[in-house]
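Undergrad: Below are the sequence and a predicted model for it; my questions follow.
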Amino acid sequence: MLRRIITRRYLEIVQMYLSSQVFSDDLTHRLNLFIDLSSKEEKIIMKKVMLIFSMSMLLSVVTWAQDRTPRVNERQYAQHGRVLQGKRGGEITHREASLLRNEQRHIRRYEHHAKSDGVVTRAERKRLDKQQDWASRHIHRAKNNDIARN
């Protein structure tokens with residue numbers, strides 16, 4: 001009996017979530033029919049509903065967290081382009097390019113770490129900015145030094 005009550009409550013929550021987004025009435029009708037199913041069928045469908053609901057919530061959280069540092073992503077992209085342009089133009093040696101790519105990789109790892117809890121704090125954002133400032137200086141120095149390309 002308790003399991004039936006919990007199942008109905010869970011279905012109400014799923015219906016509220018689904019109705020908040022644009023879904024067809026057919027899906028809502030199918031969820032209403034779910035209550036009349038046998039125990040075995042109920043378990044199978046319940047697992048599917050829980051999996052779909054959980055995955056959609058996880059996806060929305062991950063998407064939200066990824067969009068929290070658009071400025072960092074733009075700077076990463078621009079710095080990567082500067083390294084490629086310097087290497088193509090002969091201003092940056094292979095070794096310098098490798099070191100600069102490692103620095104960019106380090107920044108990406110820290111950005112991923114900062115986003116892992118879903119919130120990028122002011123201190124984490126400040127540290128990312130500082131790391132990118134240093135990387136920008138290193139790219140400028142590598143492009144403007146007197147070391148010839150190998």
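TA: That came in fine, so what should we check first? Residues are numbered from 1 along each chain as shown.

Undergrad: Roughly how far does residue 88 sit from residue 79?
TA: In this structure, residue 88 and residue 79 are 15 Å apart, going by Cβ to Cβ, to the nearest Å. In short, each C-beta sits where N, CA and C put it, glycine included.

Undergrad: which of those two has more neighbours?
TA: Neighbours per residue (other Cβ atoms under 10 Å) separate residue 88 from residue 79, with residue 79 holding more: 19 against 9.

Undergrad: so that one is in which element?
TA: Per DSSP states H and E, residue 79 falls inside helix 70-88.

Undergrad: Same question for residue 135.
TA: Counting by DSSP H and E, the element that carries residue 135 is helix 122-144.

Undergrad: ok, and what's touching that helix?
TA: 69, 72, 75-76, 79, 82-83, 86, 91-93, 96-97, 99-100, 103-104, 106-107, 110-111, 114, 120 (Cβ atoms under 8 Å, 6 or more residues apart in numbering).

Undergrad: Name the residues of the helix holding residue 79 that are buried.
TA: For helix 70-88, a neighbour-count test (16 or more other Cβ atoms under 10 Å) marks 72, 75-76, 79, 82-83, 86-87 as buried.

Undergrad: Widest-spaced pair of those?
TA: 72 and 87 (22.7 Å; Cβ to Cβ).

Undergrad: Flag the shaky bits of this protein, pLDDT-wise.
TA: For the chain, the stretches with pLDDT under 70 are 1-42, 59-68, 148-150.

Undergrad: Sounds good, over and out.
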